[in-house]
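>>> Predicted coordinates and the sequence they were generated for:
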Amino acid sequence: MRLVNIPFRDVKPKRLVLHPQPRLPPRPFRLYMPDTRLSSLGYGKGTRRCFSKTSLKGSENPLGLLLSGLSDNLSVPRKIAGQQQQQNQNLPLIQETRIFGKWQGLLTDQSRLAVETDFDRRGPAQLWRGRLLVDKLENYGDLALWSCLLDYQKRINGDSGVLKVWTELWGRKSLYDVQSPLAPVFWQTILDASVRSGDTKFLNGAWIYSEWMYDLHAVKWPRLYSTILTHFLRTHQHHQVLKWQLRLNPNFYPGAEEFARIIKEFAGDHELYRVPTLESLYVVNPDHQLYDILVPYLYDLGASQLARKWRRICILHDDPPLTPLPVRPFLRFQQGYFPHEPLDPKESAAIANPGLESVDDNKQIELSREFINRVHGGTFGIGVKKYNDRLGAKWFASSWVSLDIAISTISALGIDQIGPLSLQSIALREGTPEGVLGRIEQLRERGISVVDSTYLRLVLYLARIKDNELLLDLLNSDLHPDVFDDSEMQARLILSTARSEDWLAHRLLLATRLVSMEASAREAANTLAHAYILRQDWQGLSRLLDDMRAMRIPVNSQPTCLIFETLVSEAKSTYIPKYSLYFYISICRKLASMEVAVPVRCWRKILFSLARQGRIDDLEKLCVELVDLFTSSLSSRPGFVSVHPDDIPEPMRKPLSSVENLLGIYVPLDLPTQTPLHPLRQIFDSKLMGTIVRYSIYFSLDRRVGAAPVFQTRLQRPFGSDCGRVVRLMRTLRDKGLFVHGERLATWVKVRLVTLYGPDEPLRRAWQVVRARNSMPLPQMKALLDEAWGEEFLPPIDELRADIEKRGRKVMLRNRKYLQNLGKSTPHLHVVL
């Protein structure tokens, strides 16, 4: 047998390695056995694809025992090996030696191979009297012979050996076979060596030869376009990408699907956007059918800004979405968070609600086919027909009709619910967990639900954990879906399948029990949580949430909504008692760790309370945690964070209004924080930021107020040295991604400095004391705040003094007018320092 395209794990010399199913490591190997020989055709310099002489018998695994005698100079970087493996993913991994035909014996004759590859007769072929095999007329165009020679030279001399064989092949122009089983590896080996070598003459020669093959023999060099373009994209050579695109596109363009695959592979490489390489490649490409493929792909990765960028490019070049289902989540996100960017008419049509919506009488009703059918039925007394699940299952299982058309037809007939047999037919035609979940989502988008049953929950459970094997076993099982709802029958079947050793059905029934137990545990835990909240047993609720998180039991929306409502109702204005405050902080942190979205209004209540109570340490910690949560947190959906439905824009929330137990909606983490509806922008608005600055500076100064001990045993920091904490906090939050308006922050700080350095006494007694005790001059305070910000934060000292004087006089006039209305005089110190 012949093993191709597997770089193996590094092994120590003369060391026995047992690995029946090895992963793909980066170093090649040789296997020396009586009936087997492995060699290679290369990846990087000094790497090889592997061949064997004969097929192994029975169940022998050629990778079972590996004896390595590798030298150190045969290593290859893991990155290059992985890239080449991905590049050649369509090549066969195993080729039997019988496809070499009459040259099977030549594969192991090293001395003869050395002679036959000495084309210029300066080495072993000097003493060879006969003609070389490639020079004989009967071997003209023999791809198997050239494959043997290429294999030998690749193993011995690496890419330079490939160049040697290529030079002789170029002069003869005798090969153009691309249909042989040996052809993909042969042509790909030469092409890989040409792009890796950096030799322009080598690569240009391969291209000219491919044009000769196409012009005279109407055959195309396999994977020519993909290999060359991906190489230059990977190495970030912008001009070479466009040059070879223009060269290869007329005769070797692989089609829209392969082109989209290449763009998808490199769409996340930000280096390619420094120079518009991918955009230029898309513009000069003849097919503009990338929207439906690339935009949803990038959005699902959490790269929403790249998705928006490609959306603009596609729309600009008349490439709108053609299939609405994949692009709907992105378009709703786009419409919700960026309403100022109008959608293309075809984009608007893609997110239009296909089902019948409940509307008020004063609103315009959408005249859909379903609506007309119901009106006619009501007019002529024709009742809605009940859905026959068996008949529906046959309809969905019919291969004569695509699933999209089948679902559209059911929706047009006004059917709003299907049974488990129909679900089974749909899932069988999809065959993958992702496809099953996608079809269920498509049904929901059409306003069609599936009857709630244990069978449905089991299908969803196996699809979500991506257990493809057990899911297919369930869908192909002879057990009727109703069996999974009958616990007594399940118990009997578990015993009978165990006796009859029907392990397939036995596994399915045990999995059903597991799903049922999880559903029961979830219901019991959430009922208990609800009871704890009603009794205000906060310690019991905290322990229960810890247990649910450890056991991965989801929290339902009912107890969480009750917690949030209790928090908001208990927070009179923006004050929460100390005990309750720390309980709510703990509970909200636990819920956030379980990916339960906490409403913005709850976070704001907590932050306001912490600020006004002077709990600066806890305030700073929670602020940093919130910014990390919405900018860099890890969740079950990578690249996304769960946001409470109340804080989601209407275009994203409205289609999910009928979803039960909705705890949150996932939003990409890369959503800019300056977006008005970003959760962080809603939490840290101007009012909260001003409050944090005001109370942080006040409590930083007020902590030094009080009777100092007569004898101080330790050196204390100067008065006012903590004033920079809030500025340092804001800088930290900005560096973590929060949008902080620097000038507005400086204004809030200047207002506080007016109290300390203004021309008049403040009205409040506490601030009078703080002002009287302040011994830090303004230049030193400015230097302290600038250091906390990390750069110049406040204007030059003269300008700052003038600004404080100007603001102070305005405050003084306002205070005097206020005191005159109260019949009082100017303020005086009430405390003797």
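Looks like it arrived, so ask away. Numbering: from 1, shown residues only.
>>> mind saving the C-alpha coords of stretch 649-666 as PDB?
C-alpha atoms of stretch 649-666 as PDB (Å, rounded to 0.1, in the frame of the first residue of the first chain):
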ATOM      1  CA  PRO A 649     -32.300  46.000  19.800                       C
ATOM      2  CA  GLU A 650     -35.900  45.400  18.600                       C
ATOM      3  CA  PRO A 651     -34.900  43.800  15.200                       C
ATOM      4  CA  MET A 652     -33.000  41.100  17.100                       C
ATOM      5  CA  ARG A 653     -35.500  40.600  19.900                       C
ATOM      6  CA  LYS A 654     -38.800  40.700  18.000                       C
ATOM      7  CA  PRO A 655     -38.300  37.400  16.000                       C
ATOM      8  CA  LEU A 656     -37.500  35.600  19.300                       C
ATOM      9  CA  SER A 657     -40.500  36.900  21.200                       C
ATOM     10  CA  SER A 658     -42.300  33.500  21.000                       C
ATOM     11  CA  VAL A 659     -39.300  31.600  22.300                       C
ATOM     12  CA  GLU A 660     -39.900  30.100  25.700                       C
ATOM     13  CA  ASN A 661     -37.400  30.300  28.500                       C
ATOM     14  CA  LEU A 662     -35.200  32.800  26.700                       C
ATOM     15  CA  LEU A 663     -32.300  33.700  29.000                       C
ATOM     16  CA  GLY A 664     -30.300  35.700  26.600                       C
ATOM     17  CA  ILE A 665     -29.300  36.400  23.000                       C
ATOM     18  CA  TYR A 666     -25.700  36.000  21.800                       C
END
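>>> what comes into contact with it?
With Cβ atoms under 8 Å, 6 or more residues apart in numbering as the test, stretch 649-666 has contacts from 328, 332-333, 335-337, 339, 351, 353, 444-445, 554-557, 560, 595-597, 635, 637, 640-645, 648, 677. Every C-beta, even on glycine, is put in place using the N, C-alpha and C of the backbone.
>>> Show me these that map onto strands.
640-643 (DSSP state E).
>>> what about burial for the contacts of stretch 649-666, which qualify?
Buried members of the contacts of stretch 649-666, scored by 16 or more other Cβ atoms under 10 Å, are 328, 332-333, 335-337, 351, 444-445, 555-557, 560, 595-597, 640-645, 648, 677.
>>> List the ones among these that fall in helices.
Of the buried ones among the contacts of stretch 649-666, the ones assigned to helices by DSSP state H are 328, 332-333, 335-337, 444-445, 557, 560.
>>> mind checking which helix or strand of the chain has the lowest mean pLDDT?
strand 65-67 (a mean of 24; mean pLDDT, DSSP states H and E).
>>> Now the residue nearest the centre of the chain, what are its backbone angles?
Centroid-nearest residue in the chain, with Cα atoms, centre = their mean: Leu301, separated by 2.9 Å. When read as degrees, to the nearest 10, the backbone of Leu301 gives phi -80, psi -10.
>>> go on, Leu677?
Here Leu677 shows phi and psi, under degrees, to the nearest 10, equal to phi -100, psi 10.
>>> That one is in contact with Phe338, isn't it?
No. Applying Cβ atoms under 8 Å, one finds Leu677 not in contact with Phe338, separated by 9.5 Å.
>>> how far does stretch 446-455 sit from the chain's center?
In terms of Cα atoms, centre = their mean, to the nearest Å, the centre of stretch 446-455 is found 28 Å from the chain centre.
>>> what's in contact with it?
Contacts of stretch 446-455 (Cβ under 8 Å, 6+ apart): 354-356, 407-408, 410-411, 415-420, 422-424, 440, 443, 456, 481-482, 484-485, 512, 515-516.
>>> if we go to 6 Å?
Stretch 446-455 is contacted from outside by 354-355, 411, 416-420, 423, 456, 481, 484-485, using Cβ atoms under 6 Å, 6 or more residues apart in numbering.
>>> One more: stretch 267-284?
With contact meaning Cβ under 6 Å, 6+ apart, stretch 267-284 is reached by 236, 238, 241-242, 245, 266, 298, 313.
>>> which one of those residues is nearest Ala529?
Among the contacts of stretch 267-284, Leu298 lies closest to Ala529 (Cβ to Cβ), at 38.3 Å.
>>> show me what contacts Val327?
Contacts of Val327 by Cβ under 6 Å, 6+ apart are 296, 321, 350.
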